[in-house]
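**Student:** Need a 3D model of the sequence below.
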Amino acid sequence: MEPQVMEPVSLAAIGAGLAVIGAGIGIGRIGDSAMEAIARQPEAYSKIQLAMIIAAALIEGATLFAIVVALL
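**Tutor:** Model (predicted):
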């Protein structure tokens, strides 16, 4: 009996799924840290929000790139 081998399409789907999960975790941690920072220093709200949005956008861009690479 031969061992089963996963198809490349299945491996690509797993890779894309892991990329999305990683992005969700990363953005969740950014949001958590930003809310904690705002609670500690409310006067810095606008600076913290800007940094959070930029970081989330960078994570989303890297995730999109990872999904495209996984599916190619």
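
**Student:** all helices for the chain, in order.
**Tutor:** For the chain, the helices defined by DSSP state H occupy 8-40, 45-71.

**Student:** tell me what the longest one is packed against?
**Tutor:** Secondary-structure packing of helix 8-40 (3 or more CB pairs under 8 Å, 6 or more residues apart in numbering; DSSP states H and E): helix 45-71. (C-beta placed from N, C-alpha, C; glycine too.)

**Student:** And the last one, by the same measure?
**Tutor:** When contacts are defined as 3+ CB pairs under 8 Å, 6+ apart, helix 45-71 sits against helix 8-40.

**Student:** So for the helix it packs on, what gets flagged as buried?
**Tutor:** For helix 8-40, a neighbour-count test (16 or more other CB atoms under 10 Å) marks 16, 19, 23, 26, 27, 30, 34, 37, 38 as buried.

**Student:** Was I right to think the last one contacts residue 44?
**Tutor:** Just to be clear, that refers to residue 38. Yes. Counting by CB atoms under 8 Å, residue 44 is a contact partner of residue 38 at 7.4 Å.

**Student:** rewinding a little: nearest to residue 2, of the helices of the chain?
**Tutor:** helix 8-40 (17.1 Å; CB to CB).

**Student:** And the closest one, how far out from the chain middle?
**Tutor:** Centre-to-centre, helix 8-40 and its host chain are 3 Å apart (CA atoms, centre = their mean, to the nearest Å).

**Student:** go on, stretch 34-51?
**Tutor:** The answer for stretch 34-51 is 21 Å, by CA atoms, centre = their mean.

**Student:** and the residue lying closest to residue 37 once chain neighbours are set aside, what does it touch?
**Tutor:** Distances taken as CB to CB, 6 or more residues apart in numbering place residue 48 nearest to residue 37, at 5.1 Å, with adjacent residues excluded. For residue 48, the residues meeting the contact criterion (CB atoms under 8 Å, 6 or more residues apart in numbering) are 34, 37, 38, 41.
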